[in-house]
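Novice: Test case, fold it:
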Amino acid sequence: MASAPPDESTLTDLSSIEPTHPLLIGKFRAFLVVRLATILGSQGMALIIAWQAYNIARRTMDAPQAAAQLGIIGLIQFIALFAVTPFAGLAADTMSRTRLAQITLTTLSCCTLFLALGSYEGWTSLPMIFCVAVVLGVCRAFQAPALSSLAPNLVPKSLLPRAIAFSSMVWQTGAIIGPAIGGFAYSLTPSAAYLASAGLFLTAATCLFIVGKVPQATPDRKRRPIGQILDGLSYVRENRLVLGAITLDLFAVLLAGTTALLPVYARDILHVDSRGLGMLAAAPGVGALLTALWFSFAPLRHNVGVKMLASVFVFGLATIIFGSTAFLPKGLDMIVAMGAMAMWGSADMFSVFVRSSLIQLHTPDVMRGRVSAVSGLTISASNELGEAESGFLAALIGPVQAVILGGLGAIVITLVWSRLFPELKLARTFDPPDMRTDHPAKENQA
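Specialist: Purely as a prediction, here's the structure:
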């Protein structure tokens, strides 16, 4: 018979004297290495897949048709992720989160080795890339809730916002370096870029052995799996703050995501090579890294909800500026484009930091995997469906018009969400409400 889940205060990996900084915790430091290696491998692989697919498509298609192929890649990944996300969240709450993450990282390394072999021998094709995209979508579905649910149980709650800032800083460092490494490696040979990603995934999987088994709340074994899945969905629906934060990101990034069109802008608008593409892809990471670095030393404490809404507004504005670089003279266009993408990344990091802190601190550990899965699904919807929307819209009205229209859409969404979810504006700090007062049913389940 399953024992009652431990109180959340007992779930952190602490000594008798509570640490005063997240970097003083050995397992958290190992977790940061896992995050860095994972994002380096993922960002490099994603960029090279998009660049390789676009160049393969351009051999037989014009630019609008080739841009649509990038949209198909994003759509395929989202469909795969959508299909398995409910089970991925349940797995993160019922299985060892460390072991689950190791399985997905090992699978990702196998995928990249397969792409490396195909690139080396010259038989890489669009159908092959589409098939690999399915596996990538499934792996991401299981990996995201497993990894995101680890950090809250590695540090005390009082240190969680700062830990999220450090985790985000490491993530954005990888986002800067990963595309640059991928772009330069691809200029030498495509297989080298994939081999580097495979090695990074295996490094992350190995470092998870150092993290080891992380204590987590005992799930309710008496409830059937479908009931536990529905519990997680119900929690998200009933918690207006969590629901508003998740859906704001969903629709804003869905409309204003520009990453899928970076190969189009690099080749056909800004007229740069794979190295220029790598610089464009790394620019958002520069802005995000600086923002995360600031939060790691000066954590945000007041009016967090209003500031999150403002950051999403700036996110849309930066998208409009990037799209408008098509009308600038040669030389100036690339400088402004990189500046706009850095601004885009900084605003996105601000929003991610606030949203992640709110969701993690307002969710009991027994449901953290399922809620993280729902959050991950919306993030993927905004990313993968955003890529599909950008690709298809670019094919229909042109890439420049698609980017500018998306930025305007993100601004409109921000204004609408500030009215639909007043809980966002009322979130003064990260401190969660008393669970016993606001969610008695959830307390009983926990």
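Novice: leaving aside the residues next to it on the chain, what's closest to Leu420?
Specialist: Take Leu420 and drop its neighbours on the chain: the residue closest to it by CB to CB, 6 or more residues apart in numbering is Gly244, 7.3 Å away. (Glycine included, C-beta is placed from N, CA and C.)
Novice: Run through the residues that contact that neighbour.
Specialist: 417, 420-421, 423-424 (CB atoms under 8 Å, 6 or more residues apart in numbering).
Novice: quick one: which of those has the most company?
Specialist: Neighbour counts for these, by other CB atoms under 10 Å, peak at Leu424, which reaches 24 neighbours.
Novice: Need the nearest residue in space to it, chain neighbours excluded.
Specialist: Residue nearest to Leu424 in three dimensions, not counting chain neighbours: Gly305, with 4.4 Å by CB to CB, 6+ apart.
Novice: Test my guess that that neighbour contacts Pro422.
Specialist: No. Here Gly305 lies out of contact with Pro422, judged by CB atoms under 8 Å, at a distance of 9.3 Å.
Novice: Ala193 and Thr291: what is the separation?
Specialist: 28 Å (CB to CB, to the nearest Å).
Novice: Those two: which has the busier surroundings?
Specialist: Taking neighbours as other CB under 10 Å, Ala193 and Thr291 compare with Ala193 leading, 28 against 24.
Novice: From what I see, the more buried one and Ala46 are in contact.
Specialist: No. Assessed by CB under 8 Å, Ala193 is found out of contact with Ala46, at 11.0 Å.
Novice: Can you get me the start-to-end distance on stretch 419-428?
Specialist: End-to-end distance of stretch 419-428 (CA to CA, to the nearest Å): 16 Å.
Novice: From here on, call the first residue 527.
Specialist: Will do, 527 is the new start, and the previous item becomes stretch 945-954.
Novice: Just give me how far that stretch sits from the chain centre.
Specialist: 23 Å (CA atoms, centre = their mean, to the nearest Å).
Novice: Gly831 and Pro948: who's more crowded?
Specialist: Gly831 (23 against 13).
Novice: before we move on, the earlier item: could you tell me the per-residue confidence at the residue nearest to Leu950?
Specialist: With respect to pLDDT, Gly831 has a value of 83.
Novice: Next SSE downstream of the helix or strand where it lies?
Specialist: Element membership for Gly831, per DSSP states H and E: helix 830-849. Stepping forward along the backbone from helix 830-849, the first helix or strand reached (DSSP H and E) is helix 858-887.
Novice: Buried residues in that next one, which are they?
Specialist: For helix 858-887, burial by neighbour count (16 or more other CB atoms under 10 Å) applies to 859-860, 863-887.
Novice: repeat for stretch 825-832
Specialist: In stretch 825-832, counting by 16+ other CB under 10 Å, buried: 825-826, 830-832.
Novice: Turn these into TSV, including distance to Leu934.
Specialist: Output for those, formatted as TSV (distance: CB to CB, whole Å):
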residue	distance to Leu934
Pro825	32
Leu826	27
Val830	26
Gly831	23
Val832	22
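Novice: Can you tell me which of those residues is nearest Phe839?
Specialist: Of all the buried residues of stretch 825-832, Val832 has the smallest distance to Phe839: 10.8 Å, by CB to CB.
Novice: ok, the closest one touching Pro948?
Specialist: No. When contacts are counted by CB under 8 Å, Val832 is not listed as touching Pro948 (11.0 Å).
Novice: what is the rounded mean pLDDT of stretch 623-642?
Specialist: The average pLDDT within stretch 623-642 is 91.
Novice: Quick check: buried residues in it?
Specialist: By neighbour count on 16+ other CB under 10 Å, the buried set for stretch 623-642 is 623-624, 626-631, 633-635, 637-642.
Novice: Just the ones in strands from the residues you listed, please.
Specialist: Counted as lying in strands by DSSP state E, out of the buried residues of stretch 623-642, is not a single one.
Novice: Quick check: which ranges of the stretch 677-826 of the chain have low pLDDT?
Specialist: 698, 701, 742-755, 758, 783 (pLDDT under 70).
Novice: can you give me the helices in it?
Specialist: Assigned by DSSP state H, counting those that start in this stretch, the helices in the stretch 677-826 of the chain fall at 686-714, 716-737, 751-764, 766-782, 788-790, 800-823.
Novice: same check, this time on the stretch 527-676 of the chain
Specialist: For the stretch 527-676 of the chain, the helices defined by DSSP H, counting those that start in this stretch cover 552-584, 589-620, 623-647, 652-674.
Novice: The last one packs against which elements?
Specialist: Using 3 or more CB pairs under 8 Å, 6 or more residues apart in numbering; DSSP states H and E as the contact test, the elements touching helix 652-674 are helix 552-584, helix 589-620, helix 623-647, helix 891-906.
Novice: Nearest to Ala724 among those would be which one?
Specialist: Of all the helices and strands packed on helix 652-674, it is helix 623-647 that lies closest to Ala724, at 4.1 Å by CB to CB.
Novice: now the closest one and helix 716-737, what's the angle there?
Specialist: Angle of helix 623-647 versus helix 716-737, following axes from the mean of the first three to the mean of the last three CA atoms, to 10 degrees, is 170 degrees.
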